[in-house]
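Enquirer: Here is a sequence together with a model predicted from it:
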Amino acid sequence: MGTSVTLESVSRSYGSTKALDDVSLHFEAGTAAALMGHSGAGKSTVLHLIGGMDLPDSGHISVDEQPLPRRLDAHRRRVGFVFQRFHLLPALSVLDNVLAPVLPYQVDFDRKARARELLEAVGLAIRERALPSELSGGQQQRVAIARALIGRPPLLLADEPTGNLDSATGQEIVELLLGLRERYGMTMLIATHNPELAATCDRLIKLADGKIVRDIPVTPSADMLQRIGRLG
Ligand SMILES: Nc1ncnc2c1ncn2[C@@H]1O[C@H](COP(=O)(O)OP(=O)(O)OP(=O)(O)O)[C@@H](O)[C@H]1O
């Protein structure tokens with residue numbers, strides 16, 4: 001199940017740049033929300049703060065109504081990240097890339113079985129021995145998504161996940177992400193310039209100059225619901 005996420009009056013500046021200016025937001029558990037806005041609007045900053053990769057200058061962030069813990073590493077382990085540039089480890093096989101985030105930790109599940117289940121879910125079970133360089137960009141992003149989900153995170157943050165892909169491949173990744181959300185129920189926050197990706201989410205939030213300028217519900221088309229497995 002996903003987590004709820006709340007930002008209360010969050011601000012973050014870098015030097016004289018106000019990346020986020022007094023932003024308040026609440027995401028219900030299991031939401032898929034798209035963060036849109038021009039380059040520099042503050043989308044990545046929102047994700048970095050929620051993921052515990054950066055700290056606000058002021059304001060509060062809570063997950064499941066608990067303030068982010070002081071030990072952010074514990075929080076980060078409950079968050080999956082997907083990036084624009086896949087960031088796979090080039091010398092490791094597909095299977096080992098998916099396993100990499102959980103190798104340092106004790107986990108209460110069978111790591112390899114879980115990695116294989118995820119590779120199956122992203123359609124790459126038969127490529128588990130391949131190296132990233134042997135895969136297309138879309139396939140590499142599929143591996144990165146499987147890697148992000150290996151620790152069973154209740155929260156998935158994706159920063160421009162289709163930004164490095166052609167539009168047809170990007171569309172496949174969009175459908176995959178939404179289908180995985182249906183299957184695993186995590187909360188999903190996605191920074192994107194891709195209107196098709198935003199149209200598949202439940203909610204669209206637009207930022208400009210570090211402020212929220214629009215926050216509207218989205219209703220995916222019946223065709224899209226069918227494709228991501230929400231209808232029959
Ligand atoms: N580590 C940093 N150091 C300095 N300035 C930063 C840093 N991170 C972000 N900024 C600045 O904060 C503002 C918001 O950046 P952010 O990356 O959140 O925007 P974005 O909406 O994600 O943009 P893009 O679509 O280009 O990724 C920008 O002006 C950016 O230059």
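Expert: Done, it's in. Residues are numbered from 1 along each chain as shown.
Enquirer: so Gly123 makes contact with Val143?
Expert: No. Using C-beta atoms under 8 Å, Gly123 makes no contact with Val143, being 10.6 Å away. C-betas here are computed from N, CA, C, even on glycine.
Enquirer: higher neighbour count, the two?
Expert: Counting neighbours by other C-beta atoms under 10 Å for Gly123 and for Val143 shows that Val143 has the greater number, 25 against 14.
Enquirer: need the contact list for the more buried one.
Expert: 86, 88, 94, 97-98, 119, 122, 124, 132, 135 (C-beta atoms under 8 Å, 6 or more residues apart in numbering).
Enquirer: what does Ala148 give?
Expert: Listed by C-beta under 8 Å, 6+ apart, the contact set of Ala148 reads 80-82, 156, 158.
Enquirer: ok, back up a step: where is pLDDT lowest across the contacts of Val143?
Expert: In terms of pLDDT, the lowest of the contacts of Val143 is Phe86, showing 87.
Enquirer: now the strands for this protein?
Expert: Counting by DSSP state E, the chain has these strands, from start to end: 5-14, 17-27, 32-36, 58-63, 66-67, 79-82, 155-159, 187-191, 203-208, 211-217.
Enquirer: buried stuff in the first one?
Expert: Within strand 5-14, the residues scored as buried using 16 or more other C-beta atoms under 10 Å are 5-7, 10, 12.
Enquirer: cool, and the second one?
Expert: Applying a neighbour-count criterion of 16+ other C-beta under 10 Å, the buried positions in strand 17-27 are 18-21, 23, 25, 27.
Enquirer: Same question for stretch 60-77.
Expert: Neighbour-count burial for stretch 60-77 [16+ other C-beta under 10 Å]: 61, 63, 68, 75-77.
Enquirer: got it, and stretch 140-151?
Expert: Per 16+ other C-beta under 10 Å, stretch 140-151 contains these buried residues: 140-151.
Enquirer: for the record, mean pLDDT for it?
Expert: Averaged across stretch 140-151, pLDDT comes to 95.
Enquirer: How far off centre is it?
Expert: For stretch 140-151, the separation from the chain centroid amounts to 10 Å (computed by C-alpha atoms, centre = their mean, to the nearest Å).
Enquirer: Also stretch 101-112?
Expert: Remark: stretch 101-112 is offset 20 Å from the chain centroid, using C-alpha atoms, centre = their mean.
Enquirer: And it, end to end?
Expert: 12 Å (C-alpha to C-alpha, to the nearest Å).
Enquirer: Which residues outside it are in contact with it?
Expert: Contacts of stretch 101-112 (C-beta under 8 Å, 6+ apart): 77, 95, 99, 147, 150-152.
Enquirer: got it, and stretch 44-60?
Expert: Against stretch 44-60 from outside (C-beta under 8 Å, 6+ apart): 5-13, 19-20, 22-25, 35, 61, 63, 67-68, 72-73, 75-76, 79, 81, 155, 157, 159, 189, 191, 207, 210.
Enquirer: Now for this structure, the helix or strand with the poorest mean pLDDT.
Expert: Scoring the helices and strands of the chain by mean pLDDT, DSSP states H and E places helix 222-227 at the bottom, with a mean of 68.
Enquirer: now, among the buried residues of strand 17-27, which is nearest to the ligand?
Expert: Ala19 (3.3 Å; C-beta to the nearest ligand atom).
Enquirer: Now that we're looking at the closest residue to that closest one other than its chain neighbours, what pLDDT does it have?
Expert: Excluding the flanking residues, the one nearest Ala19 by C-beta to C-beta, 6 or more residues apart in numbering is Thr45, at 4.2 Å. Model confidence at Thr45, expressed as pLDDT, equals 97.
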